[in-house]
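Student: Just a sequence and a predicted model for now, questions to come.
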Amino acid sequence: MTIRIERQDGVATVTLDRPEKHNALDLADAQALAAVWRGLRTDRSVRAAVVTGAGGRAFCTGIDRAAVAEEGSVPQPHAPFAIEDPLLSIGPKSNDLWIPVIAAVEGMACGGAFYLLSEVEFLVATEESAFFDPHTSYGMVSAYEAMGMAQRMPFGEVARMSLMGAAERISGRRAYETGLVSELTPAGGALDAALHCARTLASYPPGPVQGTVRALWATKEAARTQAMTLAPPLITLGNLPPEQQTELFRARGTPFRTR
């Protein structure tokens with residue numbers, strides 16, 4: 001199984017476990033991750049959660065394009081006013097889960113990983129972590145990803161990340177300086193730091209904790225929901241045809257800078 005869950009001390013540790021693929025998600029993984037969050041809604045033994053990636057080289061690199069191509073493309077609506085996106089439901093908030101969720105980021109977090117990172121309460125990351133959004137480099141609109149991260153980052157930072165594509169990466173240090181990351185640890189330390197926070201939250205009465213989580217998200221829901229209604233036509237009209245995206249993706253390997 002490529003999505004693992006462990007429960008201890010009131011905390012669920014959810015691990016994306018495809019390190020050989022940089023923890024990219026295929027269609028089955030996306031469904032399994034959504035099922036994990038839905039299952040935790042009724043699990044009274046769990047009062048906080050941590051989500052992380054196995055292997056140390058990547059937290060998650062979004063959708064596994066090769067696996068999705070083998071499984072068959074996701075059928076799309078005929079009109080540009082809706083879209084079938086397998087990653088739209090991989091986050092805890094999309095599954096109506098209101099226990100606090102903390103992300104422990106080691107290595108790369110890019111593209112579709114932001115569907116998940118945009119729905120956690122806060123991030124812990126290592127000095128060696130790197131955040132980037134390659135969509136524009138591969139002929140795709142960054143819509144849901146940019147909208148989600150715009151709720152977490154200063155506008156200029158998320159605009160630069162979304163537009164610069166694969167040519168530039170944000171270091172763990174820069175992510176910490178801009179507020180995307182709440183705590184920076186040495187390599188290998190993100191999970192322990194996140195678990196420390198999660199165990200503290202799990203020790204508190206669950207009603208006040210979840211009520212506070214819900215209150216915090218209420219402050220941003222309207223803007224996020226309104227923005228996301230524009231995503232389908234922006235993606236449909238702005239994306240290059242799939243075959244051209246594939247050509248650009250296969251030619252990846254352009255040098256990048258880290259700031």
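Tutor: That came through, no problem. Values in this document were obtained by computation on a predicted structure and should not be read as measured data.
Student: going forward, measure contacts between C-alpha atoms and count neighbours the same way
Tutor: Will do.
Student: Give me the three-state assignment for Glu247.
Tutor: helix (DSSP: H, G, I helix; E, B strand; the rest coil).
Student: Roughly how far does it sit from Gly139?
Tutor: Separation of Glu247 from Gly139 (C-alpha to C-alpha, to the nearest Å): 10 Å.
Student: How about Thr2?
Tutor: Relative to Gly139, Thr2 is positioned 29 Å away (C-alpha to C-alpha).
Student: more crowded one of those two?
Tutor: Gly139 (20 against 17; other C-alpha atoms under 10 Å).
Student: if I read this right, that one contacts Thr236, doesn't it?
Tutor: No. If you go by C-alpha atoms under 8 Å, Gly139 and Thr236 don't touch, sitting 11.8 Å apart.
Student: Identify, by residue count, the longest helix of this protein.
Tutor: As assigned by DSSP state H, the longest helix anywhere in the chain is helix 206-228.
Student: Residues in contact with that one: which ones?
Tutor: The contact list for helix 206-228 (C-alpha atoms under 8 Å, 6 or more residues apart in numbering) reads 47, 98-100, 121, 143-144, 147-148, 151, 201.
Student: Could I get the buried residue list for the helix or strand in which Ala30 is found?
Tutor: In the assignment (DSSP states H and E), Ala30 maps to helix 27-40. Buried residues in helix 27-40, counted by 16 or more other C-alpha atoms under 10 Å: 27, 29-30, 32-34, 36-38, 40.
Student: now the angle between helix 206-228 and the very next helix or strand once past it, please.
Tutor: For helix 27-40, the succeeding helix or strand toward the C-terminus, using DSSP H and E, is strand 48-53. If you take axes from the mean of the first three to the mean of the last three C-alpha atoms, to 10 degrees, strand 48-53 sits at 50 degrees to helix 206-228.
Student: Next secondary structure element downstream of strand 48-53?
Tutor: That would be, after strand 48-53 and using DSSP H and E, strand 58-60.
Student: and that next one, how far out from the chain's middle?
Tutor: Distance of strand 58-60 from its chain centroid, counting by C-alpha atoms, centre = their mean, to the nearest Å, is 9 Å.
Student: Tell me where the stretch 101-250 of the chain has helices.
Tutor: Remark: helices assigned in the stretch 101-250 of the chain by DSSP state H, counting those that start in this stretch are 113-117, 144-149, 155-164, 172-177, 190-202, 206-228, 231-238, 242-250.
Student: pretty sure Pro86 contacts Ala30?
Tutor: Yes. If you go by C-alpha under 8 Å, Pro86 and Ala30 touch, sitting 6.5 Å apart.
Student: where does the stretch 1-150 of the chain dip in pLDDT?
Tutor: Applying pLDDT under 70 to the stretch 1-150 of the chain flags residues 1, 67-73.
Student: who does Thr13 bridge with?
Tutor: Beta-bridge partners for Thr13, by DSSP bridges, are Glu6, Val50.
Student: measure it to Ser142 for me?
Tutor: 29 Å.
Student: same check, this time on Asp192
Tutor: 32 Å.
Student: More neighbours: the two, which one.
Tutor: In this view Asp192 and Ser142 are compared by other C-alpha under 10 Å, and Ser142 has more residues nearby, 22 against 13.
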